[in-house]
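S.K.: Sequence plus the predicted model coming up.
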Amino acid sequence: MAIAETTLPALSRQQIARYAGAVRDFNPIHVDEEFAKASGMPSAIAHGPLTLARALDAVVAQIGAERIRGFDARLKAPYFPGQTLTVAPVEGGVELRDGSGTVLATVALTLAD
C-alpha cells in the first residue's frame with residue numbers, strides 16, 4: 001500500500017456545524033460548547049463519521065477511490081476543533097492522530113490490487 005503520511009489542516013467549528021446540518025445530527029456534544037464542557041469534554045467534539053471522512057478523503061486523494069473496496073474503523077479518542085489530523089500508514093490501513101500524536105482512530109483498509 002503506497003499511502004504517505006499526510007497532515008490535514010485543523011478542523012473548524014464551522015466544519016462541524018456544517019456537517020451536523022448535512023446529516024441532521026445536532027447532538028449537543030457536537031454543537032454546544034457549554035453542553036460539551038458540562039459533559040466533561042474540554043470542547044465540542046467532531047462527529048465520528050466526519051473524522052473518518054476527512055481521513056478517507058486523504059487516502060482517496062493518494063490512491064484513488066477505485067482501489068478502496070472496504071474499510072473498518074475503530075474510534076479511540078475524540079477529535080476537537082482546532083486540531084490537525086494526521087493520516088499515517090500502518091500495517092493493513094491507516095492510523096489517525098491529532099496534533100499531539102494521540103491516536104484518534106485506526107482504519108483497516110481493503111484495497112483492490
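M.R.: Noted; the coordinates are in hand.

S.K.: switch to C-alpha atoms for all contacts and neighbour counts from now on
M.R.: Fine.

S.K.: got the contact list for Leu85?
M.R.: Thr7, Leu8, Pro9, Ala10, Leu11, Ala55, Leu96, Arg97, Asp98, Gly99 (C-alpha atoms under 8 Å, 6 or more residues apart in numbering).

S.K.: all strands for the chain, in order.
M.R.: 6-8, 68-75, 85-90, 93-97, 103-111 (DSSP state E).

S.K.: The second one pairs with which strands?
M.R.: To tie it back to what came earlier, the one meant is strand 68-75. Looking at strand 68-75 with DSSP bridges, its partner strands are strand 103-111 (antiparallel).

S.K.: What segments of the chain are helices?
M.R.: Assigned by DSSP state H, the helices in the chain fall at 13-23, 28-31, 33-38, 48-63.

S.K.: Please name every helix or strand in contact with the last one.
M.R.: Read it as helix 48-63. Counting contacts by 3 or more C-alpha pairs under 8 Å, 6 or more residues apart in numbering; DSSP states H and E, helix 48-63 packs against strand 68-75, strand 85-90.

S.K.: Next, the angle strand 68-75 makes with that helix.
M.R.: Angle of helix 48-63 versus strand 68-75, following axes from the mean of the first three to the mean of the last three C-alpha atoms, to 10 degrees, is 140 degrees.

S.K.: contacting residues around helix 48-63?
M.R.: 2-4, 6, 8, 16, 19, 68, 73, 75, 78-79, 85, 87, 96.
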